[in-house]
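S.K.: Need the 3D shape of this:
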Amino acid sequence: MTQRRWLITGCSSGLGRALAERLAADGDQVLATARDAARLTDLAAPGLRTAALDVRDDGQCAAAVQLATEEFGGVDILVNNAGYGQFGVVEEVRDDELAAQFDTNVYGPWRLLRHVLPVWRAQGRGHAIFSSSVSGTVALPGLSAYTASKFALEGLAEALATEAGQFGVKVTILQLGGFATAYGRNLILPSNPIEAYQPLVGGMLDALRGMAESAIVSPPSLFVDSVRRVADMPEPPLRLPVGPAAFSFIEPALAARKAAFDTARDLMVLPA
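M.R.: Below is the predicted model:
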C-alpha cells in the first residue's frame with residue numbers, strides 16, 4: 001500500500017486521536033494537530049508528527065500546511081475534524097456565541113483549504129474529508145448554531161468539489177451519527193438561557209451529555225474505518241452517513257424533503 005500523507009485537526013481526544021493513532025500504526029505519515037499541543041505529547045510513532053493548531057488562527061493554519069509539506073513532501077489528505085457544539089435555541093444564542101461556533105466549525109476548515117489547495121494543485125491531487133454530522137441535514141432542538149454551522153460546512157464542501165475537482169481534488173463529507181466521545185460533555189451552554197424553552201430542549205441536553213456512555217452510539221473505530229475506506233477509493237462519495245443513527249435520522253429527513261418538493265411542484269402555477 002502506498003504511504004499516504006495526512007494532516008488531521010482536532011486530535012487531542014476522541015475521533016481525531018483514534019484516527020491519527022491508527023494511521024500511524026498503518027505506516028502512513030501523519031501530522032496530528034490540536035489547539036493545545038501538550039495534549040499530543042503521548043502520541044508517538046514512526047511517521048507521526050504533532051503540532052499546535054488553532055483553526056481560528058490563519059497563521060497557524062498556514063504553518064501547519066507548511067510543516068506537513070516540509071516534513072512529508074506534500075499533503076495527500078486533509079481531515080477537517082476540529083469542532084465543538086454550541087447549545088441553545090435561536091433566541092438564546094448571542095452574536096458572539098454564533099460567531100465563535102462558525103469560526104471553528106466553518107471558517108477553520110476554509111482557512112486550511114486556502115493554504116492546502118495550492119499544494120494540491122501543484123501535486124495534481126488531494127482529498128478533503130470533512131467531519132460533519134446528521135445536524136448537517138436534520139435540525140434538532142437546542143442545536144441551532146451547531147446545525148447552522150454544519151449546513152454551512154457541507155455547502156463549503158460541495159462548492160470545493162465543484163471548483164477543485166478539475167485539479168484532481170476529491171471531497172468527502174462524513175455525516176456522523178452519535179459517537180462515544182466527549183462531544184456532549186463539552187457542549188457550550190448559552191449565556192442567556194430562556195426558561196420557556198426548557199421543556200423542549202432539556203431532554204435533548206441530558207441525552208447529549210450522556211451520549212458517550214450510551215449503548216446505542218458508535219465507537220470511534222467506526223469513524224476510523226470509514227475514513228480509511230473512503231481514502232482508499234478511486235472515486236469516493238461526496239457524502240457518507242456513518243453509523244446506524246446517521247441513517248435513522250437522515251433517511252426520513254430526505255424523504256420528507258422530497259415529499260415537500262413534490263408538493264411544491266404541484267402548487268406551482270406555471271405561466272400560460
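
S.K.: Whichever strand or helix holds residue 163: how far from the chain's middle?
M.R.: In this assignment (DSSP states H and E), residue 163 forms part of helix 144-164. From the chain centre to the centre of helix 144-164 is a distance of 10 Å (C-alpha atoms, centre = their mean, to the nearest Å).

S.K.: need the next SSE after that helix, C-terminal direction.
M.R.: For helix 144-164, the succeeding helix or strand toward the C-terminus, using DSSP H and E, is strand 169-176.

S.K.: Touching that next one from outside, list them.
M.R.: Contacts to strand 169-176, defined as C-beta atoms under 8 Å, 6 or more residues apart in numbering, come from residues 15, 117, 120, 125-134, 136-137, 153-154, 157-158, 160-161, 164-165, 223, 226-227, 230, 235-243, 246, 250. For the C-beta atoms, the positions are set from N, CA and C on the backbone; glycine is no exception.

S.K.: Only alpha carbons, please: show the helix holding residue 163 as PDB.
M.R.: Written as PDB, here are the backbone C-alpha positions of helix 144-164 (Å, rounded to 0.1, in the frame of the first residue of the first chain):
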ATOM      1  CA  SER A 144     -29.400  25.800  16.300                       C
ATOM      2  CA  ALA A 145     -25.900  27.300  16.000                       C
ATOM      3  CA  TYR A 146     -24.300  23.900  15.600                       C
ATOM      4  CA  THR A 147     -26.800  22.900  12.900                       C
ATOM      5  CA  ALA A 148     -26.300  26.100  11.000                       C
ATOM      6  CA  SER A 149     -22.500  25.600  11.100                       C
ATOM      7  CA  LYS A 150     -22.800  22.000   9.700                       C
ATOM      8  CA  PHE A 151     -25.200  23.100   7.000                       C
ATOM      9  CA  ALA A 152     -22.600  25.800   6.100                       C
ATOM     10  CA  LEU A 153     -19.700  23.300   6.300                       C
ATOM     11  CA  GLU A 154     -21.500  20.900   3.800                       C
ATOM     12  CA  GLY A 155     -22.100  23.900   1.500                       C
ATOM     13  CA  LEU A 156     -18.400  24.700   1.600                       C
ATOM     14  CA  ALA A 157     -17.500  21.100   0.800                       C
ATOM     15  CA  GLU A 158     -19.900  20.900  -2.100                       C
ATOM     16  CA  ALA A 159     -18.500  24.200  -3.500                       C
ATOM     17  CA  LEU A 160     -15.000  22.800  -3.200                       C
ATOM     18  CA  ALA A 161     -15.900  19.700  -5.100                       C
ATOM     19  CA  THR A 162     -17.400  21.800  -7.900                       C
ATOM     20  CA  GLU A 163     -14.400  24.100  -8.100                       C
ATOM     21  CA  ALA A 164     -11.400  22.000  -7.400                       C
END
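
S.K.: buried set for the longest helix along the chain?
M.R.: In the chain, ranked by residue count with DSSP state H as the criterion, the top helix is helix 244-267. Using 16 or more other C-beta atoms under 10 Å as the test for burial, helix 244-267 gives 245, 246, 249, 250.

S.K.: and what of stretch 108-127?
M.R.: Under the neighbour-count criterion of 16+ other C-beta under 10 Å, stretch 108-127 has 108-113, 115-117, 119-120, 123, 126-127 buried.

S.K.: Would you map the helices across the stretch 101-250 of the chain?
M.R.: Secondary structure of the stretch 101-250 of the chain (DSSP state H, counting those that start in this stretch): helices at 108-123, 144-164, 198-209, 220-232, 244-267.

S.K.: Closest to residue 191 out of the buried residues of stretch 108-127?
M.R.: Closest approach to residue 191 among those (C-beta to C-beta): residue 108, at 22.2 Å.

S.K.: so the closest one sits right up against residue 56, yeah?
M.R.: Yes - counting by C-beta atoms under 8 Å, residue 56 is a contact partner of residue 108 at 6.1 Å.
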